[in-house]
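**Q** Pasted the sequence and its predicted model underneath.
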Amino acid sequence: YHAKKAGVGVALYDDSYDIHSQKRLSLISGLPRAIKENELILHYQPKIRVSDRTVSSLEALIRWQHPEHGLLPPDQFIPIIELGDSIIELTNWVINRACLDCRKWQDQGISVDVAVNVSTLNIQDEQFIKRLDRILGEHHIHPGQLQLEITESVIMSDTKRAQKTIRALDSMGVGISIDDFGTGYSSLAYLKRIPVDELKIDKSFVMDMEQDDNDAVIVRSTIDLAHNLGLEVTAEGVETAGALDLLDVLGCNYAQGYYICRPVPADKIAPWIDTWSEENNDHVNIHTRAN
Ligand code: C2E
Ligand code: MG
Ligand code: MG
Ligand code: MG
């Protein structure tokens, strides 16, 4: 009653809140164990070049096989981990594993880039560049084969420090993508100051663009904006053949989505690429002949 009166909200006394906060604590404190016991898993979702349907990169998307809570999708633990320093350790683990997997693919003759999602604290971490450089070196991954996906909130959080890190990444040759583009609260001014390589149009616009004219306008305008700024553009959330065709017409560079491939465990990637390449051979040829 007092809490409510004070404007704190009754949720403080709700059982589910306590359970929730205990779960939060157990997730944060369980991370070192998760890393040690191999509970963290990377799934990969291919990104294709729209013009010829070839596979250009694989985005690492984390999951947590939790002993008590089952298989957790990132939305259920990343925001909690991001509240504290553990995100540094988690991202290190992700980058390291993604580079290791990328090396295995390259050794099998599959030449693809990898993309990793990074958080605000990573970009503000003074050690980030040094560690990244070391991981790339250990796995013999060329910096140009790594893309880091950041959201606009990362850039807004501390512009000076974010700028410094992103500039350093750019001069190393690491690719920078703006994830969930169009959903943040930021102005577009940062696009002039920060060496971004790519915009990723948020799936909320792409998923409905065949039905919703406003979404279609947003997708088309974002593609034009990116190209006019000399950037490449990816559409995420491609769920239908029609969406992929439309993106082709609009000149979108890359596409990603359930219609192409869902995020899958690393060992499913090589067989998927085989099948996909076979099925889309024609598309590659048509474009090669046209050029
Ligand atoms: P994101 O980076 O924007 O990734 C796209 C999300 O959309 C993924 O969800 C993916 O499975 C889903 N998706 C892909 N194609 C489609 C589609 O066609 N339709 C629909 N409806 N959804 C699609 P997921 O794997 O649950 O990841 C959610 C978010 O969690 C990611 O969004 C990213 O922000 C974050 N995340 C994932 N892995 C990591 C990580 O290693 N580190 C950090 N910091 N964040 C991560
Ligand atoms: Mg992403
Ligand atoms: Mg660059
Ligand atoms: Mg996204």
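**A** Perfect, I can see it now. Ligands and ions are numbered 1, 2, ... in the order given.
**Q** what about residue 133, how many residues close to it?
**A** The number of residues packed near residue 133 is 14, by other Cβ atoms under 10 Å. In this view, the C-beta of every residue, glycine as well, is placed from N, C-alpha and C.
**Q** Can you list the buried residues in the strand ranked longest in the chain?
**A** Looking only at the chain and at elements set by DSSP state E, the strand with the highest residue count is strand 55-66. Within strand 55-66, the residues scored as buried using 16 or more other Cβ atoms under 10 Å are 55, 56, 57, 58, 59, 60, 61, 62, 63, 64, 66.
**Q** Tell me if that strand is near ligand 1.
**A** Yes: remark: strand 55-66 sits within contact range of ligand 1 at 60, 61, 62, by Cβ under 6 Å from any ligand atom.
**Q** Just the pLDDT for the residue nearest the centre of the chain.
**A** For the chain, the residue sitting closest to the mean C-alpha position, by Cα atoms, centre = their mean, is residue 117 at 4.2 Å. The confidence metric pLDDT takes the value 98 at residue 117.
**Q** any idea what sits nearest residue 196, other than its immediate chain neighbours?
**A** Of all residues not flanking residue 196 in the chain, residue 176 sits nearest, at 5.2 Å (Cβ to Cβ, 6 or more residues apart in numbering).
**Q** In this structure the one you found contacts residue 166, no?
**A** Yes: the pair residue 176 and residue 166 qualifies as a contact (Cβ atoms under 8 Å) at a distance of 5.9 Å.
**Q** Write out the residues of the protein neighbouring ligand 3.
**A** Contact residues (Cβ under 5 Å from the ion) of the chain with ligand 3: 170, 195, 197.
**Q** So the first one: helix, strand or coil?
**A** Secondary structure of residue 170, reduced to three states by DSSP: H, G, I helix; E, B strand; the rest coil: helix.
**Q** if I look at it, how far off is residue 159?
**A** With distances defined as Cβ to Cβ, to the nearest Å, the gap from residue 170 to residue 159 amounts to 15 Å.
**Q** Repeat that for the last one.
**A** Here the distance between residue 197 and residue 159 works out to 19 Å (Cβ to Cβ).
**Q** go on, residue 108?
**A** Residue 108 is 41 Å from residue 159, by Cβ to Cβ.
**Q** can you check residue 67 too?
**A** When Cβ to Cβ is applied, the distance between residue 67 and residue 159 equals 41 Å.
**Q** again, but for residue 28
**A** Distance check for residue 28 against residue 159: by Cβ to Cβ, it reads 28 Å.
**Q** pretty sure residue 143 is touching residue 174, no?
**A** Yes: under the criterion of Cβ under 8 Å, residue 143 makes contact with residue 174 at 4.8 Å.
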